[in-house]
Every structure is written in C-alpha cells, then in structure tokens.
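Engineer: Make a model of this:
(chains A and B)
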Amino acid sequence: MSIDVRPETSPTARIPSGRTRGIGVIMLAIGLFTALVFGVGSGFSAHSSLTFNPVSLANAPWRVGTLTLLTAWSNVVLGLAIIALGLDVLARLPRRGVMARFGVVAVLFFFALLLWAARTTGPSQINFVNLTAVLIGSSALAMVLVFGSLSGVMCERAGVVNIAIEGQFIGGAFVGSMIASTTHNFFLAAFVGALVGGVLGLVLAFLSLRYLSDQIIVGVVLVTMLGSLSSYLNLQVFTPFPQYNTGNLAPNLPIPLLSKIPVIGPVFFDQTGFFYLMIVLVALVSFALFKTRWGLRVRAVGEHPQAAASVGIKVIGVRYANVIMGGAIAGVGGVAFMASQGQFQPGYTSGLGYIALAALIFGRWRPSGAVVASVLFGLSVYLADNLQTYQVPVPTEILGMFPYVITIAVVSGLIGRVRPPAADGLPYKRD
Amino acid sequence: MPESSPRRSIWARVTGQSPFVVTLFALVLGLVFGAIVIVTTTAPVLDAWRGFFTSWGAPGHAIKVTADNVGAAYRIMFTGSVFSPATLWHAITTGQGWSNALTPISETLTYATPLTIASIGVGIAFQTGIFNIGANGQAMMGGIAGAYVGTLIHLPTVLHLPFTLLAGIAGGVLAGSVPGLLKAYTGAHEVIVTLMFNYVVSAILLYTLLSTALQAPGQQNDIARTLDPSAQLAPLFGTASGLRVNYGLVIAAVVVLFAWWFLERSSLGFDFRVTGANPQAARASGINAKAVIILVFAISGGLAGLAGVTELAGFYKTLDGGFLVGNAGIGFTAITVSLLGRNKPIGIVWASLLFAALGVGGRAMQAATGIPLDLATVIQSAVVLFVATPVLVKEIFRLRTSPTTALQLATKGWGS
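Structural biologist: Numbering: from 1, shown residues only, chains lettered A, B, ... in the order given. Model (predicted):
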C-alpha cells in the first residue's frame, strides 16, 4: 500500500464538487483564450480554409470543395461554445460525463488552434487545413495508443499494473520489422509481435505473481531492458544488415464503396489491417469484459481477489492469462507502430506506452473510454509533431512538450477523479 | 521448499542469510544473461555453432570461439574499468606510466560520482515509498540551472562554484517539486508524472540551448557556452595527471554521509522511513503525509539536480543537446543502482561503483570488440530484475529462503 493522501472513498463516491468546479473554471479559461487569442487576436480580415480531399486522390471519386471561414468569427464562436460548456459544468456540477465534456472542449480547442495557425495573413504560406489528412495522421497514433491502453485494460482489470507496455511496444516493433522485412507478411509480423509481447507479459506475471515482486519496478526495469536490448540488437543486426529493417509500411486495405465516402471513408475505411484489427479488438474486449462470465470473473479478480477466490475462481490463473493476453495486444501495437513508420528505430516510441497508460486512466479503465482518450492523445501528439509546418510563433521544443503536459494533467486528476480497480497493483497471496 | 537434504544445508550454511549473497548471485545471473545475449548475436560465434556437426573438431571449436568472445568482452570490461594487470605491473616495476595504469579506475570513479549522488536521491524516495523515476529530468534541470549560473555570471571561484552547485540543486528541487506537489494534492501517480516530466525537461533543455542566452555565441547547434573555469570542479590530482576524477568525489562523499545521518539519525528521516514502511502507522502517529511527500520530492530532486550539475561541472564542462541523453542518462541508471543497493547509502556506494564500472567497461568493450555499449545496460537491468526477485535467485542457487529479505517497496494502484 502506498501513502494514501486522500480520505477513504467508497466505490459509489463520485467526483467531489470542488474539483468539478475547478474543471469548469479551466474550461472557461480555455474558452476565453480561444475567443480572444485565436479569435479576436487573428484580426477580422483573416480567413482560413478547410479542405477535405485526401492527399492521394485515387480513392476519392467525390471531391469536396474547400470551405473558407472567417478565422476571427469562427474562433470566437468556438470559444463561446467552450465557455458555454464550462458555464454548464459550473452551473449544474454534473456527477458524470465531466471528462467527456472536457474531451469535447479539447477537440474544439485543437480545431480553433488549427484554424488560427492556417489563417491567411498568418506567418506561414499554408493557408488551409486538410482535415482529412489531420484525422488520418492522428488516427495512426491513436491506433497505437488504443492497442496500448487495451493491453492496460486487460491487465489492470485483473489487478496487475502493466507498466511495461512501452517495453512490449519496443519488442513488438523490433521483431515486427524483422519479420515484415524478411517475409513481407504483416500478418506473420503481427503474430510474432504478439508472441514477443506475450512472453514479456509472462515475465512480468511470473515475477510479480509467483514471486510477489513489485509490479511497477519489474515493469520499469523491463522497459529499460527492452530499450537497451533493442538498441544493442539494432547495432548488431540492423546496422550491418539494413535489408532486415526497411520498407515496412503496411499497405492500406480500402473497403469497397465505404472507403469512397468523403472524409469518413479515407479515415475509417482506407486503413491498414492493424487499424481494422484494433477496432475488432476494442469491440471484443468490451464485450468480453462486460457481457460474459469470463469478464465478470476477471473484474472480480481485479476488484476483490479474496472474494473471487472464495467462490472458486483461480485468481492467479486469471491474472496470468490476462497479463499474457495484454502483453500480446501491446506487442501487436508495437508492430502496428512500426508498420506506420516503415521501420524500427531505437527509442522512437518515446513514451507512447506511458501515454497509453494515461489514456487508460482518462478512459476510466474501459475500452470505449480508452478509445476516446487515445483519439485525444493521438491528436495532441500529431499536432505537436506537425504544427511547426504552420510556423506558429511557439518554439518546436515547447510544442513537443504538449502531449506530455496533457498526460501529466490527466493523471493528476485535473480532469476528474477516477477510480481504478480496487485490487489494481496489489500483490495477491493465497493462504 | 522446506525439506533439507544434507548437501543443501551445507551450501545454505556457506552462503548464509545475507542479502549480499543474493546480490552477488544476481550479478552472476546478470552476467550469464549478458553472455547469452553476446553469444546469440555475435556473427563469428553463430557461425562456429552452425558448423557444430560438420566435423569432430567442430563442437570444441564452437565452444572455444564462444568462450573467447565472451571472455574477451568481459575481460576488457574489467581491464577497462578497474585496472589492467599488465599496465599496473609495468607501473610498479618501472615507476613509469602510473597515469596510464590508474586511468580505468579514475574513469569509473568519475562516472560513479554523479551516479552515487543521484542514486542516493532515488534511494531516499524509495525508502519513503515513492518511486522517483524522474531523476534524469531533475538532473538535467540541475545541469541547465548550473549552466546558466556557471556561464552567464562571472565571479571568483570561492563564490562561483558554490553558486553553480546551489543553482543545480535549485533546478532539481524545482523539477522534483512539480510531481511532489501534484502527488500530495491530487494523488497523481508519481511514476507517470515524473516520467512524463523527463520528456518535458528534455524539451526545456533543447529550448534553452537553441533559443536563449545560454547558447554559445555564433553557434547554430544545440551547444551552450562553456562553464567558466571558476565554476568547474577541478581534477583531484591536478590537470597534469591526466586523470579525470574530480572534486565531485568529495561532494558525493558528503552526500553519502548526509544521507546516512539523515535516514538513520534525524527525526525527519525517521518519519520518511515510517511513511515508507507503513503509511497507516505513519498517519496514525501524526506524521503529515502531504508534507512528507513534498519534502521527499524536494530532497530527491535536489540531489538529482546536484548530480546533474556535478556531472556538468566535473565532466562535460559544456552543456549540449546530448546531456544525460541515452546511455549517459545517469538518472535512469540511478534507479537500478538504488534498487541494487537496497536503498541504503552504503549499499548505493557499492552498487554505483559496480554499475559505473559496467558502464565504463562497456565503453572499452565497445571500442575493442565492437560489442555495443548497450550490453552494459542490459546486464544492469537483468541484475536488478533478479535483485527485485530474491526468491527466484534463491531457488536457482538453492539458498535458504527467508521471506524477510525481499525488497519491500511500495506497490500501489493509480491515483486512488
């Protein structure tokens, strides 16, 4: 047990109203900032254009025209909408859905930021926002985060903190690149990535379940080991044999007809196999966890292992199975990340595994919530990487902090109190 | 397994109960793991094994090639970080080349200096039940703050060096306090917050190097001005000796003594340890949990900051974009060092000497055999995995099991 700095809260206790009020105030501040800086600040003659056609027009039989907006007024409206959401939170102090509202605010804010960055009299030559490209770019990152947070859901719902997701990403990305380069078979690459992730999950489970080692320490040390091992192997294998680590961009598999829908088509139906696999996994894990006997057992093990054991559930067995499956999911996530980058590079996951954990917390340990959170985080990582093309007057390095600062804000509970599974991270001993 | 065969009991009596024995065996296992990694990834070794069945002499040859490669790697690791018998003998018999003979150990001490300081900080946090994984960012912040004072202010040494070091401490305290305050007041889990803060500080480092007065004049790259000589930690044996070990060693010694006194003798240190061992008891006895969290992060961060500025003033002298990045990230090694040293000051001293030797030796190994330096980190993390699982080590080596020697650290859920 750790130092419990807050008063005991019963499972039914919800967000304290003081905190909700704080979130309302933060929303108001964001709204004012949006309306004044991005709105009024951009001058009333500026306008920004939105384009919707994908960069490769092969799959876009129906072109969509450009939408030109007056930057100032659009952003003032967006700011007012955010302010309205904030006022609503302040006035009603809702007990549920505060995080969802904050998510909406974040999306509106990002949208205003993009409009402002692409304004006509702005510093950059680029005067349009390709909404489809933004969504496709962030969907690749969001997909990796969803794999990571699904892995977290599997493990933490059974009461084991899998902080080694980052390590499983690295392991999956490494072997995935090797397999994909040699066989050109992404299915096989994903399978082997899942195997590696599963083995890492097994190591974590073995050390923390059988020997009751500290899960967080084992996880962090596993990440260190995978980081150095992959860097070592990169120098020993990929540097002398670069042909094992190249040209691994997964091909897009457009779904007939659906992929031709403007905007939605390229974003949802013209993706790699990993993307569709992710959607299937989200549905599968959601259903299995909340609608099946198996899911009930897993959640019982994560909430109250003693009670679960007393009705005959094999607590340790369930935890082993879930941590291994979770590791496998994260391993596939690593392959998916590699397949979206085209190759393996040491250190290029740069904390995505931990951001996935934050998405899990933001999503309240639910697959659906994790998806929403991953989309927000994916968008913020994408914007941090790409906003400099608009030459916004913020240094690149400061933009780079963006996703990490948001992660800190999320785990600090600035966006509402969350309740993890009751036995999450606690060792369980049969007696 | 409680049943005891006579053979096992003799073995158990020889090895005793000391946690030191477990650590030693963990080190052996770590080196074995490293050897496996070398064997499975080095082309000549693999080629030799591929020909295992081709002739009668082939198996012997395969084993010999394996032993040669692993042996060479570990031998150079030792001679590159402690001493080389030949050079030392030459120095003793001829009286010449002492500097050459002492360079390896001097390098190890130089590397161990900031590592010890940072690890003490991480260890104090661990003893309080706090996992400060952000030591690297805090050390980086210390380096940044130290670089500002050490390059942009000009003072005589008596003032300049202390101010530079104090700035480093202040930088570390600043970087450590954010997670501390967040944990105390919002319950944010320190692992994620401190880790994310590492990335934030990396961004701050690049920003200060590229866009502020810290950047060396006329420089386009991420390179800062060099510290004034008055802000540098001088070599212990003078510049003429060629040995890089510096007065940072004295700072590290003071920190170790302070940590020992603080944890074992001071009442605040007692509060810290009680909080780490049993938070409920701590609360019941009236210890202010919030204050403890904030203070432990300030102290831990401050020590990490001191480590960073010591690294800068004693070793690098010039801050650049590679400061504490990748293999140089002492803040990450400090976590494993602290775990290996069981979070006790004296244990940490030995552990950081060992890991410094692995790091320095790894560099020598890379230069001589081409085996990447990352192997050192692989071995370090394997050792720590085994140290964190003492029961496994005991089972492997058939040692007597006692539940009390397990690393007792704070496992906890998120947020709540």
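Engineer: Any residues of the stretch 101-250 of chain B in contact with chain A? List them.
Structural biologist: Listed as neighbours of chain A in the stretch 101-250 of chain B under the rule Cβ under 8 Å from any Cβ of the partner chain: B:129-131, B:133, B:182-184, B:186-189, B:191-193, B:195-197, B:199-200, B:203-204, B:206-207, B:210-211. For glycine as for every other residue, the C-beta is placed from the backbone atoms N, C-alpha and C.
Engineer: Which members of these are classed as buried?
Structural biologist: Buried members of those, counted by 16 or more other Cβ atoms under 10 Å in any protein chain shown: B:129-131, B:133, B:182-184, B:186-189, B:191-193, B:195-197, B:199-200, B:203-204, B:206-207, B:210.
Engineer: Please identify which helix or strand holds the residue lying closest to A:Gly353 once chain neighbours are set aside.
Structural biologist: Counting by Cβ to Cβ, 6 or more residues apart in numbering or on different chains, the nearest residue to A:Gly353 once its immediate chain neighbours are dropped is A:Glu166, at 2.7 Å. Per DSSP states H and E: A:Glu166 is located in helix A:165-183.
Engineer: What ranges does chain A have for its strands?
Structural biologist: For chain A, the strands defined by DSSP state E occupy A:47-51, A:67-70, A:128-130, A:252-254, A:270-272.
Engineer: Output those in a markdown table, with distance to chain B appended to each entry.
Structural biologist: Formatted as a markdown table, the strands of chain A follow (distance: least, Cβ to the nearest Cβ, whole Å):
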| stretch | distance to chain B |
| --- | --- |
| strand A:47-51 | 27 |
| strand A:67-70 | 32 |
| strand A:128-130 | 25 |
| strand A:252-254 | 31 |
| strand A:270-272 | 27 |
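Engineer: out of the ones you listed, deepest packed?
Structural biologist: strand A:270-272 (a mean of 22; mean count of other Cβ atoms under 10 Å in any protein chain shown).
Engineer: What is that strand packed up against?
Structural biologist: Where contact means 3 or more Cβ pairs under 8 Å, 6 or more residues apart in numbering or on different chains; DSSP states H and E, strand A:270-272 is packed against strand A:252-254, helix A:315-341.
Engineer: one more time with 10 Å, if that's ok
Structural biologist: The contact analysis (3 or more Cβ pairs under 10 Å, 6 or more residues apart in numbering or on different chains; DSSP states H and E) places strand A:270-272 against helix A:131-157, strand A:252-254, helix A:273-291, helix A:315-341.
Engineer: Out of those, which is closest to A:Leu399?
Structural biologist: A:Leu399 lies closest to helix A:131-157 among these, at 14.7 Å (Cβ to Cβ).
Engineer: The closest one near chain B at all?
Structural biologist: Yes - residues of helix A:131-157 contacting chain B under Cβ under 10 Å from any Cβ of the partner chain: A:152, A:156.
Engineer: what's the angle from that helix to helix A:315-341?
Structural biologist: Counting by axes from the mean of the first three to the mean of the last three Cα atoms, to 10 degrees, helix A:131-157 lies at 160 degrees to helix A:315-341.
Engineer: Mind checking the pLDDT average for helix A:131-157?
Structural biologist: Rounded to a whole number, the mean pLDDT of helix A:131-157 is 93.
Engineer: now it: how far from the chain's centre is it?
Structural biologist: 4 Å (Cα atoms, centre = their mean, to the nearest Å).
Engineer: And for stretch B:369-385?
Structural biologist: That offset, for stretch B:369-385, works out to 13 Å (Cα atoms, centre = their mean).
Engineer: Get me the contact residues on the stretch 101-250 of chain A for chain B.
Structural biologist: A:152, A:156, A:159, A:161, A:163, A:166, A:203, A:206-208, A:210-237, A:239-240.
Engineer: Please list only the buried members of those residues.
Structural biologist: A:152, A:156, A:159, A:161, A:163, A:166, A:203, A:206-208, A:211-237.
Engineer: can you tell me which of the residues you listed are in helices?
Structural biologist: Mapping those onto helices (DSSP state H) picks out A:152, A:156, A:166, A:203, A:215-233.
Engineer: I'd like to know how far the closest residue to B:Ala304 other than its chain neighbours sits from chain A.
Structural biologist: In this structure, B:Ala304 finds its nearest non-sequential neighbour in B:Gln138, 3.6 Å apart by Cβ to Cβ, 6+ apart. As for B:Gln138, its distance to chain A is 15 Å (criterion: Cβ to the nearest Cβ, to the nearest Å).
Engineer: Check for me that B:Gln138 belongs to a helix.
Structural biologist: Yes - applying DSSP: H, G, I helix; E, B strand; the rest coil, one finds B:Gln138 inside a helix.
Engineer: all strands of chain B, in order?
Structural biologist: Taking DSSP E as the test, the strands found in chain B are B:223-226, B:318-320.
Engineer: now for the last one, which elements pack on it?
Structural biologist: The reference is to strand B:318-320. helix B:135-152, helix B:190-211, strand B:223-226.
Engineer: Sheet partners, orientation included, of it?
Structural biologist: Its sheet considered, strand B:318-320 pairs with strand B:223-226 (antiparallel) by DSSP bridges.
Engineer: Give me the distance from the strand it pairs with to the chain's centre.
Structural biologist: Distance of strand B:223-226 from the chain centroid (Cα atoms, centre = their mean) equals 25 Å.
Engineer: Just send the helices and strands packed on strand B:318-320 back as a markdown table, with mean pLDDT too.
Structural biologist: Listed next are the helices and strands packed on strand B:318-320 as a markdown table, based on pLDDT from 0 to 100:
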| stretch | mean pLDDT |
| --- | --- |
| helix B:135-152 | 96 |
| helix B:190-211 | 90 |
| strand B:223-226 | 92 |
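Engineer: A:Arg430 versus A:Ala356, what's the distance?
Structural biologist: From A:Ala356 across to A:Arg430, the span is 31 Å (Cβ to Cβ, to the nearest Å).
Engineer: List the contacts of stretch B:43-58.
Structural biologist: A:236-237, A:240, B:38-40, B:42, B:59, B:61-70 (Cβ atoms under 10 Å, 6 or more residues apart in numbering or on different chains).
Engineer: Please indicate which of the residues you listed are buried?
Structural biologist: A:236-237, B:38-39, B:42, B:62, B:65-66, B:69-70.
Engineer: ok, those vs A:Ile361, which is closest?
Structural biologist: A:Val237 (36.0 Å).
Engineer: Is it correct that B:His90 is in contact with B:Ala101?
Structural biologist: Yes - between B:His90 and B:Ala101 there is a contact under Cβ atoms under 10 Å: 7.2 Å.
Engineer: list the residues that contact both of those two?
Structural biologist: Common neighbours of B:His90 and B:Ala101 (Cβ under 10 Å, 6+ apart) are B:Ser84.
Engineer: These two: who's more crowded?
Structural biologist: Remark: of B:His90 and B:Ala101, B:Ala101 carries more neighbours, 20 against 16, as counted by other Cβ atoms under 10 Å in any protein chain shown.
Engineer: ok, and the closest non-adjacent residue to the more buried one?
Structural biologist: Nearest non-adjacent residue to B:Ala101, counting by Cβ to Cβ, 6+ apart: B:Ala91, 4.1 Å away.
Engineer: now A:Leu202
Structural biologist: That would be A:Ile324: by Cβ to Cβ, 6+ apart, it lies 5.3 Å from A:Leu202.
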